[in-house]
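[1] Quick one, what's the 3D model for this:
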Amino acid sequence: MRLPSPVRIREVGPRDGFQNEPEIIPTDDKVRLIDLLARTGVPRLEVTSFVRPDVIPQLADGPEVLRRIDVPDDVAVTVLIPNERGLDNALALREHFQEINCFLSASESHNRANVNRSIEESLSGLERVIGRAVQEGLRAEGVISVSFGCPYEGRVEPEAVFGIAERLVAAGAAEIGFGDTTGMANPLQVREFFVEARAILGDEVELTGHFHNTRGQGLANVLAALESDCASFEASFGELGGCPVPAGATGNIATEDLVSMLHEMRVQTGIDLDRLLEASAAVREVLGRPLGSHTLVAGPVDWHA
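    Numbers count the residues shown, from 1 in each chain. As a prediction, the model looks like this:
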């Protein structure tokens, strides 16, 4: 079996993970944890969002975090942008990040529950956001939530997802992330999905898998995507994260579990697993509770034991 190598990973814990915590993590701890992650070898790091503070108070200190973190030049910093007002606020800190991430859902029900807009309303707004961001020299990713299944509507037709993706690419997105937001995907579905996505969107667009481990199939879905030549994934240290709608949707796949699996399969990531585990242990200490990560508990595979 030929698998793509190297694989690019975007660490999304400081945004996707922290925003789903019930308590607000102190800014000093956020800065320290992000600085640890930035020295693991991860090439891309999503650090915060420009969503209204009253909507996500856990990330209200986003501008301060951006100003204070110390990220090496070879690590691309990503911020989440929900709309044009968010982009206006982000551009005031333009020197502190290189990439933006925009999002919408593939089903009407989930998009309404998540952002209180229709798909068309969200998509029209994001087309303007992406166009402006690209003019500012920023790289844009469009993430499509519930790409593989919706907890409200059930099956999501791939053609509907690809239609949204085509409009995001036409607006200037260099990367499309397909989110299994509530962990409904299965490996056969994922394998077929990425083959079709590549055929429709072409070779110039980076295709990214964003899998959650709600039903324990996250890493199996990664392998299926790899077999379809997907070489880009998003993950969260410690398996932090989730989805606010509906209840019960657990975190993203753990970055350390993903890296451990890839390295065991001789797929290169450029990430130092020991340093990544140090960062995950540090966030576990900050949160004061066990995390879902398996590698954090068991440790890396030791072939000399």
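[2] Mind jotting down where the strands sit in the stretch 151-300 of the chain?
    Assigned by DSSP state E, counting those that start in this stretch, the stretch 151-300 of the chain shows strands spanning 175-180, 206-211, 232-235.
[3] Next up, the contacts around the nearest residue to residue 43 once chain neighbours are set aside.
    Of all residues not flanking residue 43 in the chain, residue 8 sits nearest, at 5.8 Å (C-beta to C-beta, 6 or more residues apart in numbering). Bear in mind the C-beta positions are built from the backbone N, C-alpha and C, glycine included. By C-beta atoms under 8 Å, 6 or more residues apart in numbering, residue 8 lies in contact with 43-44, 206, 231-233, 269.
[4] Check the gap between residue 8 and residue 262 for me.
    Taking C-beta to C-beta, to the nearest Å as the measure, residue 8 and residue 262 are separated by 11 Å.
[5] what touches both of those two?
    By C-beta under 8 Å, 6+ apart, residue 8 and residue 262 have these common neighbours: residue 269.
[6] Spatially central residue for the chain, please.
    Nearest residue to the geometric centre of the chain (C-alpha atoms, centre = their mean): residue 234, 4.1 Å.
[7] What are the buried residues along stretch 256-272?
    256-262, 267, 269, 271 (16 or more other C-beta atoms under 10 Å).
[8] what's the farthest-apart pair in the residues you listed?
    For the buried residues of stretch 256-272, the maximum inter-member distance is 14.8 Å, found between 256 and 267 (C-beta to C-beta).
[9] returning to that earlier point: by neighbours, which of the contacts of residue 8 wins?
    Among the contacts of residue 8, the one with the most neighbours (other C-beta atoms under 10 Å) is residue 233, at 25 neighbours.
[10] Just give the closest residue to it, not the sequence neighbours.
    residue 209 (4.9 Å).
[11] where exactly do the helices run in the stretch 101-250 of the chain?
    All helices of the stretch 101-250 of the chain, identified by DSSP state H, counting those that start in this stretch, fall at 108-115, 119-135, 158-171, 187-201, 218-227.
[12] Tell me which of the ones you listed sits most buried.
    Mean neighbour count, computed with mean count of other C-beta atoms under 10 Å, is highest for helix 218-227 among the helices of the stretch 101-250 of the chain, reaching a mean of 22.
[13] Who are the packing partners of that one?
    With contacts defined as 3 or more C-beta pairs under 8 Å, 6 or more residues apart in numbering; DSSP states H and E, the packing partners of helix 218-227 are helix 187-201, strand 206-211, helix 255-264.
[14] Any regions of the protein where pLDDT drops low?
    Filtered on pLDDT under 70, the chain yields the residue ranges 244-249, 305.
[15] Try it again at 50.
    Along the chain, the model assigns pLDDT under 50 to no residue.
[16] neighbours of the nearest residue to residue 150 once chain neighbours are set aside, just the number please.
    The shortest distance from residue 150 to any non-neighbouring residue, by C-beta to C-beta, 6+ apart, is to residue 107 (3.8 Å). Using other C-beta under 10 Å, residue 107 is surrounded by 24 other residues.
[17] How about residue 106?
    Neighbour tally, residue 106, other C-beta under 10 Å: 27.
[18] quick one: it and residue 162 touch, right?
    No: Residue 106 is not in contact with residue 162 according to C-beta atoms under 8 Å; the separation is 9.7 Å.
[19] wait, isn't the residue nearest to residue 233 in contact with residue 193?
    No: if you go by C-beta under 8 Å, residue 209 and residue 193 don't touch, sitting 9.4 Å apart.
[20] residues contacting residue 76?
    Residue 76 makes contact with 43-45, 98-99, 139, according to C-beta under 8 Å, 6+ apart.
[21] about what we covered before: let's have the buried residues of stretch 256-272 in a markdown table, adding distance to residue 170.
    Shown next, in a markdown table, are the buried residues of stretch 256-272 (distance: C-beta to C-beta, whole Å):
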| residue | distance to residue 170 |
| --- | --- |
| 256 | 36 |
| 257 | 35 |
| 258 | 31 |
| 259 | 34 |
| 260 | 38 |
| 261 | 35 |
| 262 | 32 |
| 267 | 32 |
| 269 | 31 |
| 271 | 33 |
